[in-house]
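*Asks:* Quick one: sequence and predicted model below, then my questions.
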Amino acid sequence: MVTCPVCKGAIDVEEEDVDEGDTVSCDECGADLRVVSTSPLELESAEALEEEDEDEEGFLGDEEEESDADWK
């Protein structure tokens, strides 16, 4: 049993039934959760992880956008 990181509800998932990277859903709030660790079992919001991935792909931050504008 693990706790949903979004709503803190209990999710009945066995460590041996999932692998890192798998996605499960919370029965209480419906959030999509990704398995980030299996021992101990740890879940994170899949949406939050997708946002982190987008940030790491080299999107320009506000500071960089301003410096680009100075060159135009």
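*Replies:* Now that the structure is in, tell me what you want to look at. Residues are numbered from 1 along each chain as shown.
*Asks:* and the gap between Val2 and Cys29?
*Replies:* From Val2 across to Cys29, the span is 14 Å (Cβ to Cβ, to the nearest Å). Backbone N, C-alpha and C define where each C-beta goes, glycine included.
*Asks:* Give me the more crowded residue out of these two.
*Replies:* Higher neighbour count among Val2 and Cys29: Val2, with 19 against 12, using other Cβ atoms under 10 Å.
*Asks:* ok, the more buried one - contacts?
*Replies:* Shown in contact with Val2 (Cβ atoms under 8 Å, 6 or more residues apart in numbering): 10-11, 13, 41-43.
*Asks:* And the furthest pair within these?
*Replies:* Pairwise distances across those (Cβ to Cβ) peak at 14.7 Å, for the pair Ala10 and Glu42.
*Asks:* which among the contacts of Val2 end up buried?
*Replies:* 11, 13, 41, 43 (16 or more other Cβ atoms under 10 Å).
*Asks:* now the second one, what's its secondary structure?
*Replies:* In other words, Val13. Using DSSP: H, G, I helix; E, B strand; the rest coil, the structure places Val13 in coil.
*Asks:* Hmm, it is touching Pro40, no?
*Replies:* No - the pair Val13 and Pro40 does not pass the contact test of Cβ atoms under 8 Å, sitting 11.8 Å apart.
*Asks:* ok so, going back, nearest to Arg34 among the contacts of Val2?
*Replies:* Leu43 (6.8 Å).
*Asks:* Tell me the buried residues in the strand ranked longest in the chain?
*Replies:* Under DSSP state E, the strand in the chain containing the largest number of residues is strand 32-38. Buried residues in strand 32-38, counted by 16+ other Cβ under 10 Å: 33-35.
*Asks:* just checking, Ala31 touches Val24?
*Replies:* No - using Cβ under 8 Å, Ala31 is not in contact with Val24; the gap is 9.5 Å.
*Asks:* Could you list the low-pLDDT ranges of the protein?
*Replies:* Applying pLDDT under 70 to the chain flags the ranges 49-72.
*Asks:* Now do the strands in it.
*Replies:* Using DSSP E, strands in the chain cover 2-3, 10-11, 23-25, 32-38, 41-45.
*Asks:* Could you name the helices and strands sitting against the third one?
*Replies:* With contacts taken as 3 or more Cβ pairs under 8 Å, 6 or more residues apart in numbering; DSSP states H and E, strand 23-25 sits against strand 32-38.
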